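Q: Predicted coordinates and the sequence they were generated for:
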Amino acid sequence: MPWRLMRSGLIGSLMLLAATTARADAPSQTSPEEVSGQIDALLSEAWRQQGVSPALPSSDAMFLRRACLDLTGAIPTVRQVRAFLADESPDKRSRLIDELLKSPSHATHLAHLWRDIMLPRARGTPLAGVFENWLQSRFHAGARYDELIFELLTASGQAGANGPTLFYSSLEVKPEELASSTSRIMLGVQIGCAQCHDHPFSTRWKQKDFWGLAAFFAQVSGQRGTASVMDVNSGEVKLPKTDQVVPPQFPGEKEPAESGAVRRRQLAQWVTAPDNPYFARATVNRVWSMLFGAGLVDPVDDFGDHNPPSHPQILEVLSADFVANGYDLRRLFRVIMLTASYQLSSELTGELSSAPQLFAVMPVKSLSAEQIYESILRATGRRAPLVAASRRNPAERQSFVAKFDAPTQRLIEFQAGIPQVLTMLNGPLISAAADLQKSDLLAALVDAPFLDSEQRIETLYLATLSRLPDEAERARLIEFTSGRDPEKALSDILWVLLNSSEFLLNR
């Protein structure tokens with residue numbers, strides 16, 4: 001079936017994506033820096049038209065902490081902070097991004113993020129760990145994103161025994177559930193709203209679009225209670241409350257898919273095709289949202305004529321570059337993080353607009369439960385391993401995440417309640433972190449006679465907030481430690497810093 005690129009109602013008269021992209025196996029000659037420059041120019045023009053002045057550039061300390069949290073899921077070490085602040089090279093931010101993208105921690109963090117996106121219902125279960133390990137191995141190997149999605153959509157084998165089949169078993173291999181999740185995750189559209197009737201807000205999605213997509217999953221054996229996920233030769237879906245069989249049909253297409261072919265493979269080929277009008281846009285928009293807290297289309301899974309992008313040309317530029325360079329997620333992160341907008345300060349001054357869709361100031365983002373946990377361990381260390389050959393205790397981590405995981409729908413919203421506050425104030429992890437007998441950080445500071453009170457305070461700030469204290473903070477804390485038990489004073493200061501809003505936010 002020939003691929004047909006439809007003109008999106010979202011972008012009006014903008015050029016079609018296929019006209020600006022090359023085949024995915026023929027990388028473009030445009031450097032990431034050039035693409036970042038195009039985005040900067042488009043944002044600058046948007047700000048000029050809106051009469052908006054952008055925030056000042058972020059400080060080096062702010063940028064380092066932001067980049068580490070966004071790419072590795074944890075704050076930098078004291079050594080990293082000192083080295084970065086002392087580095088006077090003009091390209092140190094670009095080099096930092098490259099180093100973080102190549103680190104194993106980046107693959108681990110991406111696995112956390114995509115596990116939550118793809119298996120939200122399985123969070124906290126052993127199966128989620130299996131799925132996350134599969135994602136981590138694929139990200140660590142540098143797999144192309146289109147290949148990862150193709151592997152996921154065509155997965156077969158023992159249900160729950162390998163990573164990608166969990167996508168099916170977690171949804172009980174129900175065609176309607178799989179259709180809804182696939183459209184949301186891979187196409188960025190809430191086509192599930194058209195399950196019972198035409199989409200209430202979009203003129204594009206009809207009920208037959210939803211069930212035409214569901215039909216691609218109707219011939220998967222798992223929904224019959226078998227132990228394996230595999231394709232079979234029978235199985236259809238019908239419009240609710242009717243006997244009308246709906247054949248497989250790609251969303252937005254007028255003709256049914258090719259009959260006789262393996263349905264899921266057809267769908268995977270269509271989803272990941274370079275001229276697919278949804279896949280690349282949905283992916284780059286999701287990554288943009290990860291870095292800025294809000295998407296160019298926001299919410300990220302609700303593309304449609306009822307919800308146009310705030311900057312359609314930027315969406316096109318990023319999508320074209322993503323396809324032309326082999327669906328390379330690392331390059332995509334690098335392009336966005338090299339922009340002047342990503343490197344702006346989060347501090348509001350004067351009449352600076354904080355409207356997130358303008359991207360004229362970096363929004364303050366809440367940390368996920370995993371980021372908080374990893375950052376506490378990174379900041380304080382452990383005097384002894386918690387488990388053999390590992391400094392991570394799965395049970396402790398799971399308990400912390402379960403208690404602290406707030407029902408935040410967006411990164412720029414912070415919704416902490418009493419359980420989260422109590423977990424930070426007097427939970428076992430924080431109590432151990434601020435305990436001289438269990439914290440490597442406190443033990444090292446107390447056991448270092450060559451450090452004075454001011455230097456110890458500086459180290460606590462570098463370890464937790466990734467910056468030096470300002471003059472007022474320095475003076476106040478030096479006065480606080482004067483005449484007190486130095487060990488107790490340092491423990492108290494560390495406890496306060498870990499409970500500060502600055503520690504719990506990504507600025």
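A: Done, it's in. Keep in mind that what you see is a predicted model, and the values were worked out from it rather than measured.
Q: Would you state the helices of the stretch 151-300 of the chain in chain order?
A: 166-169, 175-182, 207-214, 263-271, 279-292 (DSSP state H, counting those that start in this stretch).
Q: just the stretch 401-507 of the chain next, same as before
A: Under DSSP H, counting those that start in this stretch, the stretch 401-507 of the chain gives helices at 418-426, 428-433, 440-446, 453-464, 471-481, 486-498.
Q: Make a markdown table from these and add mean pLDDT, mean neighbour count and distance to Ala107 to it.
A: Where C-beta positions appear, they are placed from N, C-alpha and C, glycine not excepted. As requested, those are exported to a markdown table (pLDDT from 0 to 100; neighbours: other CB atoms under 10 Å; distance: least, CB to CB, whole Å):
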| stretch | mean pLDDT | mean neighbour count | distance to Ala107 |
| --- | --- | --- | --- |
| helix 418-426 | 79 | 14 | 28 |
| helix 428-433 | 88 | 17 | 25 |
| helix 440-446 | 91 | 18 | 26 |
| helix 453-464 | 96 | 20 | 25 |
| helix 471-481 | 95 | 13 | 36 |
| helix 486-498 | 94 | 18 | 27 |
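Q: Figure out which of these is closest to Tyr168.
A: Closest of these to Tyr168 is helix 418-426, at 33.0 Å (criterion: CB to CB).
Q: before we move on, back to that, reformat the helices of the stretch 401-507 of the chain as a markdown table; add distance to Pro274.
A: Rendered in a markdown table, the data for these read as follows (distance: least, CB to CB, whole Å):
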| stretch | distance to Pro274 |
| --- | --- |
| helix 418-426 | 44 |
| helix 428-433 | 46 |
| helix 440-446 | 50 |
| helix 453-464 | 45 |
| helix 471-481 | 53 |
| helix 486-498 | 47 |
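Q: Any idea which of these gets closest to Ser59?
A: helix 453-464 (13.7 Å).
Q: gap between that closest one and the chain center?
A: Here the centre of helix 453-464 is set off from its chain's centre by 31 Å, with CA atoms, centre = their mean, to the nearest Å.
Q: count of residues packed around Tyr145?
A: Residues lying near Tyr145 (other CB atoms under 10 Å) number 22.
Q: Please list all residues in contact with it.
A: With contacts defined as CB atoms under 8 Å, 6 or more residues apart in numbering, Tyr145 is in contact with Thr283, Tyr327, Asp328, Leu329.
Q: circling back: distance to Leu445 added to the helices of the stretch 151-300 of the chain, as CSV?
A: Shown next, in CSV, are the helices of the stretch 151-300 of the chain (distance: least, CB to CB, whole Å):
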stretch, distance to Leu445
helix 166-169, 44
helix 175-182, 49
helix 207-214, 58
helix 263-271, 53
helix 279-292, 34
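Q: Indicate which one of these is closest to Ala128.
A: helix 166-169 (8.0 Å).
Q: contacts for stretch 239-246?
A: So stretch 239-246 is in contact with Gln195, Cys196, Gln207, Lys208, Trp211, Gly212, Ala214, Ala215, Glu236, Val237, Lys238, going by CB under 8 Å, 6+ apart.
Q: Which of those residues are buried, as a PyMOL select command?
A: Buried subset of the contacts of stretch 239-246, written as a PyMOL selection, criterion 16 or more other CB atoms under 10 Å:
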select buried, resi 195+207+208+211+212+214+215+237
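Q: Between all of the contacts of stretch 239-246, which two are separated the most?
A: Every pair of the contacts of stretch 239-246 checked by CB to CB; the farthest is Cys196 and Glu236, at 18.3 Å.
Q: where does the chain dip in pLDDT?
A: Along the chain, the parts satisfying pLDDT under 70 run over 1-28, 124, 160, 194-204, 223-227, 349-354, 382-393, 404-410, 414-417.
Q: residue closest to the middle of it?
A: Centroid-nearest residue in the chain: Met290, 4.2 Å away (criterion: CA atoms, centre = their mean).
Q: which residue packs closest to it, ignoring adjacent ones?
A: Leu113 (6.6 Å; CB to CB, 6 or more residues apart in numbering).
Q: what helix or strand is that neighbour on?
A: helix 104-118 (DSSP states H and E).
Q: which helices and strands sit right next to that helix?
A: Contact partners of helix 104-118 among helices and strands, from 3 or more CB pairs under 8 Å, 6 or more residues apart in numbering; DSSP states H and E: helix 60-72, helix 126-140.
Q: circling back to that earlier point, for Lys92, find the nearest of the helices of the stretch 401-507 of the chain.
A: Across the helices of the stretch 401-507 of the chain, closest to Lys92 is helix 453-464 (CB to CB), at 17.2 Å.
Q: Just the residues contacting that closest one, thanks.
A: 75, 77-78, 81-82, 379-380, 441, 445, 448, 451, 467-469, 473-474, 477-478, 481-482, 486, 490, 493-494, 497-498, 500, 503.
Q: tally of neighbours for Thr77?
A: 16.
Q: What count of nearby residues applies to the residue lying closest to it once chain neighbours are set aside?
A: Distance criterion CB to CB, 6+ apart; nearest residue to Thr77, sequence neighbours excluded, is Arg378 at 6.5 Å. Neighbours of Arg378 under the rule other CB under 10 Å: 20.
Q: which ones are touching Arg378?
A: By CB under 8 Å, 6+ apart, the contact set of Arg378 is Ala74, Ile75, Pro76, Thr77.
Q: three-state assignment of the second one?
A: Right, the one you point to is Ile75. coil (DSSP: H, G, I helix; E, B strand; the rest coil).
Q: my read: it touches Met62, true?
A: No - with contact defined as CB atoms under 8 Å, Ile75 does not count as touching Met62 (11.8 Å).
Q: More neighbours: which of these two?
A: Using other CB under 10 Å, the more surrounded residue of Ile75 and Met62 is Ile75, with 27 against 21.
Q: Distance of that one relative to Leu367?
A: For Ile75, the distance to Leu367 equals 9 Å [CB to CB, to the nearest Å].
Q: And Met424, by the same measure?
A: Distance from Met424 to Leu367, by CB to CB: 11 Å.
Q: what is in contact with these two at once?
A: Common contacts of Met424 and Leu367 (CB under 8 Å, 6+ apart): Leu504.
Q: ok, back up a step: with the contacts of Tyr145 in mind, which one is nearest to Pro104?
A: The closest of the contacts of Tyr145 to Pro104 turns out to be Leu329 (CB to CB; 15.2 Å).
Q: residue contacts, that closest one?
A: Leu110, Phe139, Tyr145, Val287.
Q: Could you pull up the residues touching Ile493?
A: Ile493 makes contact with Ile457, Leu460, Leu477, Phe480, Thr481 under the criterion CB under 8 Å, 6+ apart.
Q: One more: Ala257?
A: Met1, Phe216, Pro247, Pro248, Gln249, Phe250, Arg263, Gln266, Leu267, Trp270.
Q: how far away is it from Arg265?
A: 11 Å.
Q: Also Phe63?
A: Distance of Phe63 to Arg265, given as CB to CB: 44 Å.
Q: out of the two, which sits in the busier spot?
A: Applying other CB under 10 Å to Phe63 and Arg265 shows that Phe63 carries more neighbours, namely 24 against 14.
Q: Contacts only, for that one.
A: Counting by CB under 8 Å, 6+ apart, Phe63 has contacts Arg93, Gln343.
Q: try it again with 6 Å
A: Gln343 (CB atoms under 6 Å, 6 or more residues apart in numbering).
Q: do the same with the one 5 residues further on
A: Contact analysis of Cys68 by CB under 6 Å, 6+ apart lists Ile75, Pro76.
Q: got it, and the one 3 residues further on?
A: With contacts defined as CB under 6 Å, 6+ apart, Leu71 is in contact with Leu100, His106.
Q: at 7 Å what do you get?
A: Leu100, Leu101, His106, His109, Phe333 (CB atoms under 7 Å, 6 or more residues apart in numbering).
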